[in-house]
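[1] Let's see this in three dimensions:
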Amino acid sequence: MSSFKIFDIAGSGMSAQSVRLNTVASNLANADSLSGDANSVYKAKHPVFQAVMGSVAGLGSDQSTAQVKVTGISESQAAPETRYDPGNPLADAQGNVFAPNVNVVEEMADMISASRSYQNNVEVLNTSRDMMLATLKLGQS
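    Sure thing, here's the model as predicted:
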């Protein structure tokens, strides 16, 4: 395995965590949005990740290469929260408005986890770079 493939692996991890952070940000931004129709209310979104091994990805027969791939963004199928608010201009005939199925506490925990995973991949890149530079300096003595 080439030493430079570690950059591809960590880079794909960073890209996947970036998608995860963006979906969390979207969920948090829409957490307080209301709708008068249960079918049109915002639904929480979550990325779906897949680990792809080198030979499956067409990168050769070396099983030691891998990457993280975002295969899609799934929408939550949980029912929206129903609130009785007859004074709201979005209220339906029964006086109900519908709020998204976004759990702010879970989203914040997911954001912290994604941020730390992204930081870990950055550290892998920095450590790999430092090790390669140290290896190159061995021949200078």
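[2] residue closest to the middle of this structure?
    residue 20 (1.2 Å; C-alpha atoms, centre = their mean).
[3] can you tell me which helix or strand it belongs to?
    Taking DSSP states H and E as the criterion, residue 20 maps to helix 5-29.
[4] Just the buried residues of the helix or strand following that helix, please?
    For helix 5-29, the following helix or strand on the C-terminal side (DSSP H and E) is strand 45-53. Using 16 or more other C-beta atoms under 10 Å as the test for burial, strand 45-53 gives 45, 46, 47, 49, 52. C-betas here are computed from N, CA, C, even on glycine.
[5] Any idea what the first one is bridged to?
    The residues listed as beta-bridge partners of residue 45 by DSSP bridges are residue 75.
[6] Ok, the last one next?
    Per DSSP bridges, the residues bridged to residue 52 are residue 67.
[7] tell me the contacts of it?
    Counting by C-beta atoms under 8 Å, 6 or more residues apart in numbering, residue 52 touches 66, 67, 68, 69.
[8] quick one on the thing from earlier: give the other helices and strands that the helix holding residue 20 contacts.
    Judged by 3 or more C-beta pairs under 8 Å, 6 or more residues apart in numbering; DSSP states H and E, helix 5-29 is in contact with strand 45-53, strand 66-75, helix 104-138.
[9] Run a quick neighbour tally on the spatially closest residue to residue 3 that is not a sequence neighbour.
    Leaving aside its chain neighbours, residue 3 sits nearest to residue 132 (6.4 Å; criterion: C-beta to C-beta, 6 or more residues apart in numbering). Using other C-beta atoms under 10 Å, residue 132 has 14 neighbouring residues.
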